[in-house]
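# My questions concern the predicted model and sequence given below.
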There are 2 protein chains.
Amino acid sequence: MAKAKRVLKWQRDPEGMRIRILEAAKQEFSAHGLAGARVDRIAANAGANKRMLYYHVGNKEDLYLEVLEGAYEQIRAEERGLDLEHLDPPKAIERLIDFTWNYFLRNPEFLALLNTENLAKARHLKRSTKVKSMHSPFVEMIRTVVNRGVESGDFRVAVDPVQLYISIAGLCFFYLSNSATLSVIFGRDLLKKEARDERLAHMVALVLAALTGKSTADFGKAKPTGLRAAAHQAV
Amino acid sequence: MAKAKRVLKWQRDPEGMRIRILEAAKQEFSAHGLAGARVDRIAANAGANKRMLYYHVGNKEDLYLEVLEGAYEQIRAEERGLDLEHLDPPKAIERLIDFTWNYFLRNPEFLALLNTENLAKARHLKRSTKVKSMHSPFVEMIRTVVNRGVESGDFRVAVDPVQLYISIAGLCFFYLSNSATLSVIFGRDLLKKEARDERLAHMVALVLAALTGKSTADFGKAKPTGLRAAAHQAV
DNA sequence: CGAGAAATTAACTCGTTAGATAAATACTGT
DNA sequence: ACAGTATTTATCTAACGAGTTAATTTCTCG
């Protein structure tokens, strides 16, 4: 009875702590940017004492860079999982757009982090040998697919895979990253299901029409529902 | 001699002061975002006493909103100056892309401000009746051009003008707004003249190929110089 | 020219924030 | 069980930054 079991005030869990810190930091940096992020909020949301951030990771900028590197690691890993080789070229391109779109939709923090890093003129990325060595498999995938498409006659013309990659990313990125302002400007919610579906269909149709020379139903059809109703805005 | 001319310590210039404050604020907000911007730096760069910001405009957020509204006003004004009506449809689309591209190139602060506002989930824009009433003429211009193109047979298919507008803006915006990170990732300067020219040609070719069904030289030709050399990166 | 208003400067305040110091607690190996 | 180290908590600090107060100078108009 006098031998009451010792009650621990806290437990050690360095790995878990580190993970919680980085996850909280990711949310904080993506929600508020580098300058707007608050170290105390990160600590609180990680369920940690603020001192832990400095103990396990480093100062605010170190923390930010680690989050950024983690974000690149994650997308690169998923990209590698995408198998375009065995699909016929138009399907492969469609798959690529679909993946990019849905990755961005599922990971809005990634978009925000990229914007923050670009505001900083890529100052941190430049110092990261880690990210610079993480090559995306997409450019080579696209090159292969385009070559196959030209040979098979599916595609009329060769296109620079880097340009095509940037174009596909841009079509997806801009819509999602700027959905808040665009939604205000157009006076409608660009993130609701119908709007998202319509956007994806448009992008696929646009790129495939350019590559194949054949227009698909979705590109040509003027749908009665959707964005067309809001016939009045831009940027 | 005793009647030395009174030497003024400073002169009044409320309008000039206001303009200098807003210009300095635009630079500051676009360079550092809302949270990263420093009121003292704005004052210093405007050649003003900090108190002047509060006297002439208001607090930091008021200042930011006014800058944002000014940026929208400016692009809307230039958009209205673009006359697409008398051009044949493919030329009109090319002109539109060219304008958008060059406007973004000439006004990188606008891109940064939009990113900042989207980070804030368009919180300020939502409160601005001013911006909400500034309708862009582009959507209607595009609708007209597309309709004419379909009638004349230049374009194979009708396309939703809002989607097309977002696509054109996105193709330009993403490349320029993210040029810092993309340049690191691809290991080359995306803003140098050749890269810019190549990008513009690609975008025009992509969109026109999709609309007309005919591929242009620039879309099809695999150029020896340029981005293709950097065959290894993404996002 | 002189009084009152407008514009501007100078200096201060007070909460916030990144980061540091020091002490306490938990764990590990012997 | 205990000594030493790793991990965590509690508390402090020094600078910064947005916004304010109050005094000063310039301008306008009767």
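That came through, no problem. Residues are numbered from 1 along each chain as shown, chains lettered A, B, ... in the order given.

# for residue A:19, what are its contacts?
Residues in contact with residue A:19 (CB atoms under 8 Å, 6 or more residues apart in numbering or on different chains): none are found. No exception for glycine: its C-beta is placed from N, CA and C like everyone else's.

# May I have the phi/psi pair for it?
The phi and psi values for residue A:19, taken as degrees, to the nearest 10, are phi -60, psi -40.

# And it, how far from residue A:187?
Distance from residue A:19 to residue A:187, counting by CB to CB, to the nearest Å: 41 Å.

# what does residue A:60 give?
Residue A:60 sits at a distance of 38 Å from residue A:187 (criterion: CB to CB).

# Among these two, which residue is more densely surrounded?
residue A:60 (18 against 11; other CB atoms under 10 Å in any protein chain shown).

# tell me the pLDDT at the more buried one?
Note on residue A:60: pLDDT of 98.

# Return the distance of it relative to residue A:156.
When residue A:60 is compared with residue A:156 (using CB to CB), they lie 51 Å apart.

# Look up phi and psi at residue A:63.
Residue A:63 adopts backbone torsions of phi -60, psi -50, taken as degrees, to the nearest 10.

# do the same with residue A:112
phi -60, psi -40.

# Pull the number of nearby residues for it.
22.

# In terms of helices and strands, where is the residue nearest to the spatial centre of chain A?
The geometric centre of chain A, computed from its C-alpha atoms, lies nearest to residue A:104 (CA atoms, centre = their mean), at 3.7 Å. Counting by DSSP states H and E, the element that carries residue A:104 is helix A:89-106.

# near chain B, anything from that helix?
No - shown here: helix A:89-106 not in contact with chain B (CB under 8 Å from any CB of the partner chain), separated by at least 8.7 Å.

# how about the CA coordinates for that helix, as CSV?
Taking Å, rounded to 0.1, in the frame of the first residue of the first chain, the C-alpha atoms of helix A:89-106 are listed here in CSV:
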residue,chain,number,x,y,z
PRO,A,89,0.4,7.2,-74.7
PRO,A,90,-2.8,9.1,-74.4
LYS,A,91,-3.8,7.1,-71.4
ALA,A,92,-0.4,7.7,-69.9
ILE,A,93,-0.7,11.5,-70.3
GLU,A,94,-4.2,11.4,-68.8
ARG,A,95,-2.9,9.4,-65.9
LEU,A,96,-0.1,11.9,-65.4
ILE,A,97,-2.5,14.8,-65.2
ASP,A,98,-4.8,12.9,-63.0
PHE,A,99,-2.0,12.1,-60.6
THR,A,100,-0.6,15.6,-60.5
TRP,A,101,-4.1,17.1,-59.9
ASN,A,102,-5.0,14.7,-57.2
TYR,A,103,-1.6,14.9,-55.5
PHE,A,104,-2.0,18.7,-55.3
LEU,A,105,-5.6,18.3,-54.1
ARG,A,106,-4.5,15.9,-51.3
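
# For it, give the mean pLDDT please.
pLDDT averaged over helix A:89-106 gives 98.

# Stretch A:124-138 now?
96.

# and if you look at stretch A:185-200?
Rounded mean pLDDT across stretch A:185-200 is 98.

# end-to-end on that stretch?
The first residue of stretch A:185-200 is 20 Å away from its last residue (CA to CA, to the nearest Å).

# Can you mark which positions in it are buried?
Within stretch A:185-200, the residues scored as buried using 16 or more other CB atoms under 10 Å in any protein chain shown are A:185, A:186, A:188, A:190, A:191, A:195, A:196, A:198, A:199, A:200.

# do the same with stretch A:89-97
Buried residues in stretch A:89-97 (16+ other CB under 10 Å): A:89, A:90, A:92, A:93, A:94, A:95, A:96, A:97.

# Next up, phi/psi of the nearest residue to the fifth one once chain neighbours are set aside, please.
Closest residue to residue A:94 in three dimensions, ignoring its sequence neighbours and counting by CB to CB, 6 or more residues apart in numbering or on different chains: residue A:204, at 5.2 Å. As for residue A:204, its main-chain torsions (degrees, to the nearest 10) stand at phi -60, psi -50.

# Alright, calling it a day.
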